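*Asks:* could you work out the structure for the sequence below:
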Amino acid sequence: MKILGIGNAIVDVLCKVDDSFLTKNSLTKGTMKLIDEIEFKTLMSSLKIEDTVSGGSIANSIVGLSQLGDNVGFIGKVSDDKLGQKYEDGLKKEKVNFLYKKSKEPIPTGSCLILITPDSERTMCTYLGTAGKINENDIHEKTIKESEITFLEGYLWDEGGPKKAFNKAINNSKTVAMSLSDLFCVERHKPQFLDLVKNRLDIIFANEQEILSLIDSNIFSEVISFSKSLNKNIVITRGDKGAISIKNTEVIECSAQKNLKIKDLTGAGDLFAAGFLHGLINKMNTKDCLNKGTELSAKIIQKVGARI
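*Replies:* Here you go, the predicted structure:
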């Protein structure tokens, strides 16, 4: 298998809202907030569902890779319930090897409300459910060792079982890629993330705000200096300023695509990572990897949802 993704197995529930809905519910636009089952049901009671899909950040990337023809797999914890079955079916439909054997759990499969405002920005409210209970017993060493790249998400870095699963994956991988996931995630785990980036990861995906926060800076040239000091591949998306890859002293940039009819920013970073990793495992040069990531990202933001 080329790439194995490990992350939160979350059923995405897409809903359109106006800004007043976010204000009323004390939600910060463009961020992800963890909520409990009661809050999830309360929010759902006043929303109209546009679509549901097997989601989660890394799962979105893995599906993108599968759609490009790559042999990929995914491990994420779901319960043997209606949403869990929907999740598994959704990945199998996309020809992804779903490598978790579900069983009846005391809590339900995780869900994420993706609230899309008129400016196409998305705000996420995530009830982790069973996804947040992933542990080292759910991670099989043989599967990891047979994969060229293991791709992890920062969202998975949490105390207890998830962190043990994360560490087991890193310790048994040939090459480890990780997404920093979102700004709040970086700020919540900054010392640990900084250690991971410096000492344990090979490929790091981040947007500009996340990487600036990680190194406590507001000057992008300092990000480049920091990245050059590491023997890593740091890949950063910068919105309309394009994307950049820094590996040792090599700095390669790629322009953003122009004149796009943006409908929904859900999955932009996930699909960028898919395009970049597709290029990497198919021996493309860095510039072409960036271009492929930019191409997929541009496609996804011109439709609703995180599937091409």
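*Asks:* which stretches of the stretch 201-308 of the chain have low pLDDT?
*Replies:* 305-306 (pLDDT under 70).
*Asks:* strands along that one, start to end?
*Replies:* Per DSSP state E, counting those that start in this stretch, the stretch 201-308 of the chain carries strands over the ranges 203-207, 233-237, 243-247, 250-254.
*Asks:* in TSV: the ones you listed, plus distance to L194 and mean neighbour count.
*Replies:* For the C-beta atoms, the positions are set from N, CA and C on the backbone; glycine is no exception. Converted to TSV, those look like this (distance: least, CB to CB, whole Å; neighbours: other CB atoms under 10 Å):
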stretch	distance to L194	mean neighbour count
strand 203-207	11	24
strand 233-237	13	24
strand 243-247	16	22
strand 250-254	21	15
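*Asks:* and of those, who's closest to S179?
*Replies:* Among these, strand 203-207 comes nearest to S179, with 4.5 Å by CB to CB.
*Asks:* could you report the neighbour count for Y100?
*Replies:* 21 (other CB atoms under 10 Å).
*Asks:* which element is it on?
*Replies:* When secondary structure is defined by DSSP states H and E, Y100 falls outside every helix and strand.
*Asks:* in the strand or helix carrying V11, which residues are buried?
*Replies:* When secondary structure is defined by DSSP H and E, V11 falls within strand 10-16. Across strand 10-16, burial judged by 16 or more other CB atoms under 10 Å covers 10-16.
*Asks:* ok, stretch 79-94 next?
*Replies:* So stretch 79-94, judged by 16+ other CB under 10 Å, has buried residues 79, 81, 83-84, 87-88, 90-91, 94.
*Asks:* okay, those in a markdown table with pLDDT and distance to I139 next?
*Replies:* Converted to a markdown table, these look like this (pLDDT from 0 to 100; distance: CB to CB, whole Å):
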| residue | pLDDT | distance to I139 |
| --- | --- | --- |
| S79 | 95 | 18 |
| D81 | 92 | 22 |
| L83 | 89 | 22 |
| G84 | 93 | 18 |
| Y87 | 94 | 18 |
| E88 | 95 | 18 |
| G90 | 92 | 21 |
| L91 | 95 | 17 |
| E94 | 96 | 22 |
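*Asks:* output the residues you listed in JSON lines; the columns should cover distance to K24 and secondary structure.
*Replies:* Shown next, in JSON lines, are these (distance: CB to CB, whole Å; DSSP: H, G, I helix; E, B strand; the rest coil):
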{"residue": "S79", "distance to K24": "31", "secondary structure": "strand"}
{"residue": "D81", "distance to K24": "30", "secondary structure": "coil"}
{"residue": "L83", "distance to K24": "27", "secondary structure": "helix"}
{"residue": "G84", "distance to K24": "31", "secondary structure": "helix"}
{"residue": "Y87", "distance to K24": "30", "secondary structure": "helix"}
{"residue": "E88", "distance to K24": "35", "secondary structure": "helix"}
{"residue": "G90", "distance to K24": "31", "secondary structure": "helix"}
{"residue": "L91", "distance to K24": "35", "secondary structure": "helix"}
{"residue": "E94", "distance to K24": "36", "secondary structure": "coil"}
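*Asks:* K2: which of those is nearest?
*Replies:* Distance ranking of the buried residues of stretch 79-94 against K2, using CB to CB, places E94 first at 15.0 Å.
*Asks:* now the angle between strand 203-207 and whichever strand or helix holds S61, please.
*Replies:* Taking DSSP H and E as the criterion, S61 maps to helix 57-67. Angle of helix 57-67 versus strand 203-207, following axes from the mean of the first three to the mean of the last three CA atoms, to 10 degrees, is 110 degrees.
*Asks:* ok, residues contacting helix 57-67?
*Replies:* Residues outside helix 57-67 that contact it (CB atoms under 8 Å, 6 or more residues apart in numbering) are 2-3, 5-10, 54, 72-74, 76, 91, 94-96, 151-153, 155, 179, 181, 267, 269-271, 273-275, 277-278, 296, 306-308.
*Asks:* stretch 279-297 now?
*Replies:* Residues external to stretch 279-297 that are found in contact with it (CB under 8 Å, 6+ apart): 2-3, 64, 70, 148-149, 203, 235, 237, 242-245, 247, 250, 252-257, 268-269, 271-278, 308.
*Asks:* ditto for stretch 104-112
*Replies:* Defining contact as CB under 8 Å, 6+ apart, one finds that stretch 104-112 is touched by 8-13, 37, 40, 55-56, 77-81, 83-84, 87, 124-133.
*Asks:* cool, stretch 200-207 as well?
*Replies:* With contacts defined as CB under 8 Å, 6+ apart, stretch 200-207 is touched by 149, 170, 175-180, 186, 197, 214, 232-239, 269, 272-273, 276-277, 280.
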